[in-house]
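Peer 1: Structure, please.
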Amino acid sequence: MPAPDSYDAVIVGGGHNGLVAAAYLARAGRSVLVLERLATTGGAAVSTRPFDGVDARLSRYSYLVSLLPPKIVRDLGLDFAVRKRTVSSYTPTVRGGRATGLLVGGKGTRDSFAALTGSDREYRAWERFYGMTRHVAERVFPTLTEPLPGRDALRGRIDDPQAWRMLFEEPIGVAVEQNFADDLVRGVVLTDALIGTFADAHDPTLLQNRCFLYHVIGGATGDWDVPVGGMGALTDALARAAREAGAEIRVRHEATRIETDGTRAEITVRSPDSEHVVAARKVLVNASPQALAALLGDEPPAPAEGAQLKVNMLLERLPRLRDRSVDPREAFAGTFHIAEGYGQLADAYRDAAAGRLPAAPPSEIYCHSLTDPSILGPDLAARGCQTLTLFGLHAPARLFAADNAATRAELLAATLAELDAHLEEPVTDCLARDGNGEPCIEAKTPLDLERDLRLPGGHIFHRDLAFPYATESTGRWGVETAHANVLLCGAGAVRGGGVSGVPGHNAAMAALGR
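Peer 2: Reported below is the predicted structural model:
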């Protein structure tokens, strides 16, 4: 039998982190093979046309960019850009029987706080609180592409004992309640601690704090930007960069087993027409920790569980709002919060933790096409069509286990009803139709994401996030495994989660011995 093809590095999984690693290693002169089981690279960071006969290229799964370091874009020479959103967020509510809301972003922010709360107190508290998170972001974000700092080193780098206590030592609910009085304002702040995470504001494990931290440190500013051309523009640019540097990318090639002695590994690969083995000095796995354990035959980690509903829509027009003081184009330009008052979020968590769908499902919506109309075909743009992306919170996978399809439909209807409560017309009346005359809307539960993308339990971060500092088990870069020549370069690495490329960069640095 001939010897298997041999590479300096084999990367299992062609998602964005795997492509980052491939590009760095190939640029360093290493021979690199990327194995991707699907027909295209990109993983969850892709742009697709989900509606038959409709020329709208949506970021189907992941959809905004915050944690991607400009360093990676520069190092790899990526042809990729983002745009700032004109509005950070809009949160509708009813006060005194009148439709109103909180608009954050731009010159009207202070006036919006005053109109909602009747004073300047909450606005001043907001400025102080996010001044604190900006200080933390400026000090923590640059460390993401460095070897992991120790806990004490990171605390010293932040150099703000109060901020450290609020974010790293006590539940974020304490800080929210101490700094803000208005229930709606509290809810807007808390949402960053819950997106992609199933937790209460006062969870003693601080899972919500870890989620909050990653949502406010991106780019050293906490800004969430729109990828021009959709998320697929990033992964297409990464695939080009990897190939141009000399990496070989094979789609429809699935790694099914890794055997290693710590210095050399053999990877069994299944393709449409064969099964064969390739060899490598290093293996970088851009998959979940559960998938890594299965490939190696190791003991699997604790099960993960996602907790979100993802909905994509194409509209003929944006719906009119009951709050006439805000233009829909302004309200939907940022994150449009639904049923996300502080009390509502707590109620929804209690419902879901008790095994039932939330009575008032919380969600967040944004319109990519307002900031970046390039994702729409010329005809759609001329008609004034717009995309909406909805991300529902507190929808753990366990709720869908008995009947995924029926529960998905029930939760989608309840979620849209919460949105409709703030609209002058049902959002379904605004939906465009596909080539078959069907409404342009699709919903994905955690079980759907597990099926489509092999996200364990539908968990968008692969597992619970970790604080970005070293512990006894993390290794130098947070990508190391029990096998010396096998590295984890997916979202389940320390400092993983989100579209960042950070685990890919860090695994490449570890493989290069830097």
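
Peer 1: Quick check: which helices or strands does the longest helix along the chain pack against?
Peer 2: Ranked by number of residues, the top helix in the chain under DSSP state H is helix 121-140. Helices and strands touching helix 121-140, by 3 or more Cβ pairs under 8 Å, 6 or more residues apart in numbering; DSSP states H and E, are helix 109-117, helix 151-158, helix 161-164, helix 172-179, helix 183-190, helix 207-216. Any C-beta I mention is one placed from the backbone N, CA and C, and that applies to glycine too.

Peer 1: For the stretch 1-150 of the chain, which segments count as strands?
Peer 2: 5-12, 32-36, 47-48, 58-59, 82-83, 89-95, 98-104 (DSSP state E, counting those that start in this stretch).

Peer 1: Out of the helices and strands packed on helix 121-140, which is closest to residue 480?
Peer 2: Among these, helix 151-158 comes nearest to residue 480, with 17.9 Å by Cβ to Cβ.

Peer 1: quick one, that closest one and helix 121-140 angle?
Peer 2: 120 degrees (axes from the mean of the first three to the mean of the last three Cα atoms, to 10 degrees).

Peer 1: other SSEs contacting helix 151-158?
Peer 2: Using 3+ Cβ pairs under 8 Å, 6+ apart, helix 151-158 is in contact with helix 121-140.

Peer 1: Tabulate the strands of the stretch 1-150 of the chain (JSON lines), appending mean pLDDT.
Peer 2: JSON lines is the format used below for those (pLDDT from 0 to 100):
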{"stretch": "strand 5-12", "mean pLDDT": "97"}
{"stretch": "strand 32-36", "mean pLDDT": "98"}
{"stretch": "strand 47-48", "mean pLDDT": "96"}
{"stretch": "strand 58-59", "mean pLDDT": "96"}
{"stretch": "strand 82-83", "mean pLDDT": "94"}
{"stretch": "strand 89-95", "mean pLDDT": "97"}
{"stretch": "strand 98-104", "mean pLDDT": "96"}
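
Peer 1: Residue 249: which of those strands is closest?
Peer 2: strand 32-36 (4.4 Å).

Peer 1: on contacts alone, who are the packing partners of the closest one?
Peer 2: So strand 32-36, by 3+ Cβ pairs under 8 Å, 6+ apart, packs with strand 5-12, helix 16-27, strand 248-251.

Peer 1: which SS state does residue 364 fall under?
Peer 2: Following DSSP: H, G, I helix; E, B strand; the rest coil, residue 364 is assigned to strand.

Peer 1: Residue 281 and residue 134, how far apart?
Peer 2: 42 Å (Cβ to Cβ, to the nearest Å).

Peer 1: and if you look at residue 181?
Peer 2: 22 Å.

Peer 1: so which of the helices and strands packed on strand 32-36 is the most packed in?
Peer 2: With neighbours defined as mean count of other Cβ atoms under 10 Å, the helices and strands packed on strand 32-36 peak in mean count at helix 16-27, which reaches a mean of 30.

Peer 1: how far out from the middle of the chain is that helix?
Peer 2: Offset of helix 16-27 from its chain centre (Cα atoms, centre = their mean, to the nearest Å): 20 Å.

Peer 1: Using CSV, write out the CA atom coordinates for that helix.
Peer 2: The C-alpha trace of helix 16-27 is given here as CSV (Å, rounded to 0.1, in the frame of the first residue of the first chain):
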residue,chain,number,x,y,z
HIS,A,16,-14.0,30.9,8.8
ASN,A,17,-11.6,29.9,11.6
GLY,A,18,-10.2,27.0,9.7
LEU,A,19,-9.6,29.2,6.7
VAL,A,20,-7.8,31.8,8.8
ALA,A,21,-5.5,29.1,10.2
ALA,A,22,-4.9,27.8,6.7
ALA,A,23,-4.0,31.2,5.3
TYR,A,24,-1.6,31.9,8.1
LEU,A,25,0.2,28.5,7.9
ALA,A,26,0.4,28.6,4.1
ARG,A,27,1.8,32.1,4.2
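
Peer 1: change the start of the numbering to 31 and stick with it
Peer 2: With the count now opening at 31, the last piece we talked about shows up as helix 46-57.

Peer 1: average pLDDT for that helix?
Peer 2: The average pLDDT within helix 46-57 is 98.

Peer 1: packing partners for it?
Peer 2: Going by 3+ Cβ pairs under 8 Å, 6+ apart, helix 46-57 lies up against strand 35-42, strand 62-66, helix 261-274, helix 532-542.

Peer 1: what's the angle from that helix to helix 532-542?
Peer 2: Using the same axes, to 10 degrees: helix 46-57 against helix 532-542 is 30 degrees.

Peer 1: Do you have the strands of the stretch 381-530 of the chain handy? List them.
Peer 2: 393-396, 416-422, 471-474, 516-518.

Peer 1: which one of those is the most hemmed in?
Peer 2: Stretch with highest mean neighbour count among the strands of the stretch 381-530 of the chain: strand 516-518 (a mean of 27; mean count of other Cβ under 10 Å).

Peer 1: which other residues reach the longest helix of the chain?
Peer 2: Applying Cβ atoms under 8 Å, 6 or more residues apart in numbering, the external contacts of helix 151-170 come out as 134, 139-140, 143-144, 146, 184, 187-190, 192-193, 196-197, 205, 209-212, 215, 219, 243, 246-252, 498.

Peer 1: buried subset of the residues you listed?
Peer 2: 134, 139, 143, 146, 184, 188, 193, 196-197, 205, 209-210, 212, 215, 219, 243, 246-252, 498 (16 or more other Cβ atoms under 10 Å).

Peer 1: quick revisit: mind checking the helices and strands packed on strand 62-66 for the one nearest to residue 129?
Peer 2: helix 46-57 (40.2 Å).

Peer 1: how far off strand 35-42 does that closest one point, in degrees?
Peer 2: Computed by the same axes, to 10 degrees, the angle between helix 46-57 and strand 35-42 is 150 degrees.

Peer 1: Now stretch 152-163 - C-alpha only, PDB.
Peer 2: Provided in PDB are the C-alpha atoms of stretch 152-163 (Å, rounded to 0.1, in the frame of the first residue of the first chain):
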ATOM      1  CA  GLU A 152     -30.600  57.100  32.900                       C
ATOM      2  CA  TYR A 153     -28.800  58.700  30.000                       C
ATOM      3  CA  ARG A 154     -25.900  59.800  32.400                       C
ATOM      4  CA  ALA A 155     -25.800  56.300  33.900                       C
ATOM      5  CA  TRP A 156     -25.700  54.900  30.300                       C
ATOM      6  CA  GLU A 157     -22.800  57.100  29.400                       C
ATOM      7  CA  ARG A 158     -20.900  56.100  32.600                       C
ATOM      8  CA  PHE A 159     -21.500  52.400  32.200                       C
ATOM      9  CA  TYR A 160     -20.500  52.200  28.600                       C
ATOM     10  CA  GLY A 161     -17.500  54.400  29.200                       C
ATOM     11  CA  MET A 162     -16.500  51.700  31.600                       C
ATOM     12  CA  THR A 163     -17.000  48.900  29.100                       C
END
